[in-house]
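In: fold the following.
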Amino acid sequence: MYDNNHPYLQPSFFIDSDHPDIIEFADTLCSDCHTPVQRAITLYYAVRDRILYDPYDLGYSRDSMRASAILKKGKGYCVAKAVLLAALGRRQKIPCRLGFGDVTNHLTTPKLRALMGTDIFIYHGYTEMLLDRKWVKATPAFNLSLCERFGVKPLEFDGQADSIFHEFDTRGRKHMEYLRDRGTFVDVPFDEIFSAYRKTYPGFAENFATALNHSAVDNFL
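Out: Okay, the predicted model is just below:
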């Protein structure tokens, strides 16, 4: 158990682990867990599968990026789901931070590639959890039902080994590759991320505002 003053246990603006909804959800999920690793695994699968992945749900709004808002909405893209997992982990006394990297997605749909103008996804988000004195990466982005429908291997998590990206789909085709490590943060570097989005994806705000009307399932990455 880590000291309550640990910097990665503190609530923050986006990782609002002290919000009543976050507290109730985390405590209910982990009521029968007895170790930090058990709690981490339980929280990971809850976020992975109960919060639906939506690549278009990234509107420019600070409030909508808060963990409590993501939990209430029940969906989000990779960064949003990483934020929620970090908040739940902090509530359960697991030090958590956010990590980011740029990835190439070889199986991006033509529709999404046209929208973005590239198959490179910058600031792909994941959570790092301090377990047994070691930082372990966890990426709860793609929910199980979505993976099964589109033939992508779901990411598993055992609290010991890094779970960071879908290297291959179920047919052995290359799916994702990491290109650049963007580092780790105690909270969401909101301005930095959205500034980079606008530079990398021309027409970002207009295109994604329009795309919000589409379903995540029909436009899976």
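In: where does the prediction get shaky in this structure?
Out: 1, 59, 106-110, 112-114, 165-175, 203-221 (pLDDT under 70).
In: strands of that one, start to end?
Out: Listed in chain order, the strands of the chain (DSSP state E) span 52-53, 75-76, 96-105, 120-131, 134-138, 176-185.
In: quick check, distance from the fourth one to the centre of its chain.
Out: What separates the centre of strand 120-131 from the centre of its chain is 7 Å, taken as CA atoms, centre = their mean, to the nearest Å.
In: tell me what that strand is packed against?
Out: helix 36-50, helix 78-91, strand 96-105, strand 134-138, strand 176-185, helix 190-200 (3 or more CB pairs under 8 Å, 6 or more residues apart in numbering; DSSP states H and E). All C-beta atoms are positioned from the backbone trio N, CA, C, and that covers glycine.
In: including distance to Tyr56 and mean neighbour count, could those go into CSV?
Out: Rendered in CSV, the data for those read as follows (distance: least, CB to CB, whole Å; neighbours: other CB atoms under 10 Å):
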stretch, distance to Tyr56, mean neighbour count
helix 36-50, 19, 21
helix 78-91, 11, 29
strand 96-105, 15, 21
strand 134-138, 23, 18
strand 176-185, 19, 15
helix 190-200, 13, 14
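In: any chance of the ones you listed in CSV, plus distance to His124?
Out: Formatted as CSV, the helices and strands packed on strand 120-131 follow (distance: least, CB to CB, whole Å):
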stretch, distance to His124
helix 36-50, 15
helix 78-91, 6
strand 96-105, 5
strand 134-138, 12
strand 176-185, 8
helix 190-200, 11
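In: do you know which of the ones you listed lies nearest Asp16?
Out: helix 78-91 (6.2 Å; CB to CB).
In: rewinding a little: among the strands of the chain, which comes closest to Ser195?
Out: strand 120-131 (10.4 Å).
In: show me the contacts for Asn143.
Out: Arg48, Asp49, Arg50, Ile51, Leu52, Tyr53 (CB atoms under 8 Å, 6 or more residues apart in numbering).
In: so which of those residues would you say is closest to Glu192?
Out: The closest of the contacts of Asn143, once distances to Glu192 are taken by CB to CB, is Tyr53, at 22.7 Å.
In: I'd say Lys72 and Ile22 touch.
Out: No: using CB atoms under 8 Å as the test, Lys72 is too far from Ile22 to be in contact (10.1 Å).
In: the more surrounded of those two?
Out: Using other CB atoms under 10 Å as the criterion, Lys72 and Ile22 rank with Ile22 on top: 23 against 11.
In: now the residue lying closest to that one once chain neighbours are set aside: how far from Leu179?
Out: Excluding the flanking residues, the one nearest Ile22 by CB to CB, 6 or more residues apart in numbering is Ala87, at 5.1 Å. Per CB to CB, to the nearest Å, Ala87 is found 28 Å from Leu179.
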